[in-house]
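[1] fold the following and give me the result.
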Amino acid sequence: MAFDFAQVGARFKVAGNLPYNISTPLLFHLAAYAPRIERMVLMLQKEVVDRMVAEPGSAAYGRLSVGLQVRFALYSRMDVPPTAFKPPPKVDSAVVVMVPLGAAAPQIDNPAGFEAVVAAAFGQRRKTLRNALSALLDDSQIRAAGVDPGARAEQLAPEAFVALAEQVPNPAP
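    Residues are numbered from 1 along each chain as shown. Sure, this is the predicted structure:
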C-alpha cells in the first residue's frame, strides 16, 4: 500500500492475485499510476470484480465502479471457483483485465472534488443527489453539470461524476 510504483519505471504491467482483505484500497492506490500502467491482470474476490465492472443502474455499481471506470477499461475474463485452490477459500474469485483509457480518459481537473462528490453520492446512495451532495453543491451547480438534482448516484455514468466535480469549488491555496 505504501509502495511508490513510479519506482518501477515509466511504463509497467501488473499481474497478480491481490490480497482480498485490502483489494479495494490497493486498487485505488494502483489507479493513481494509471498513466504509467500498460495493463493489469488481477485475480480478486468475484464480488469485487463484479463491483468493478458494474454498469450504472445495477446494485453492484458504486464508488469502486466509478473510481476505476474513469481511468480503465475493465474486462471480467473468468470466474475461478474455490475448488481451484488448496485449501479452498470460502469465496469465489475472478480474473479482471484493466487497460488504462489513456487519452480517452475524462480529464479530472479537480481530483479532490471528484473524490468528494463520489464519496458523498454513494455514502448515501438512496438519497437524491440534491440531498447527498448538499454540502458540496446546490441544485444550480448540479444542473450546470448536466445532471438532474433528483437523480440518485447509481443512475449516473462515471463521466457525470467528472462533470459534477468540475462544479465543486477548488479550495483556496
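
[2] residue contacts, Pro100?
    34-35, 37-39, 71-73 (C-beta atoms under 8 Å, 6 or more residues apart in numbering). To be clear about C-beta, it is placed using only N, CA and C from the backbone, and glycine gets the same treatment.

[3] which PyMOL command selects the buried ones in the residues you listed?
    Of these, the buried ones can be selected in PyMOL as follows, counting by 16 or more other C-beta atoms under 10 Å:
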select buried, resi 34+37+71+72+73
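
[4] how about TSV for the contacts of Pro100, with distance to Val80 and secondary structure added?
    Output for those, formatted as TSV (distance: C-beta to C-beta, whole Å; DSSP: H, G, I helix; E, B strand; the rest coil):
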residue	distance to Val80	secondary structure
Ala34	25	helix
Pro35	30	helix
Ile37	23	strand
Glu38	23	strand
Arg39	19	strand
Arg71	25	coil
Phe72	20	strand
Ala73	21	strand
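
[5] out of the contacts of Pro100, who's nearest Arg143?
    When those are compared for distance to Arg143 (C-beta to C-beta), Arg71 wins out at 26.5 Å.

[6] quick one, helices of the chain?
    Taking DSSP state H as the test, the helices found in the chain are 23-31, 46-53, 63-69, 111-123, 129-132, 139-144, 158-167.

[7] what's the most buried one of those helices?
    Ranked by mean neighbour count, the helices of the chain are led by helix 63-69 with a mean of 22 (mean count of other C-beta atoms under 10 Å).

[8] domains in the chain, by residue range?
    8-103, 111-167 (automatic domain parsing).

[9] and the residue nearest the centre of the chain, what pLDDT?
    Ranked by distance to the mean C-alpha position of the chain (C-alpha atoms, centre = their mean), the top residue is Gly67 at 2.1 Å. Gly67 carries a pLDDT value of 97.
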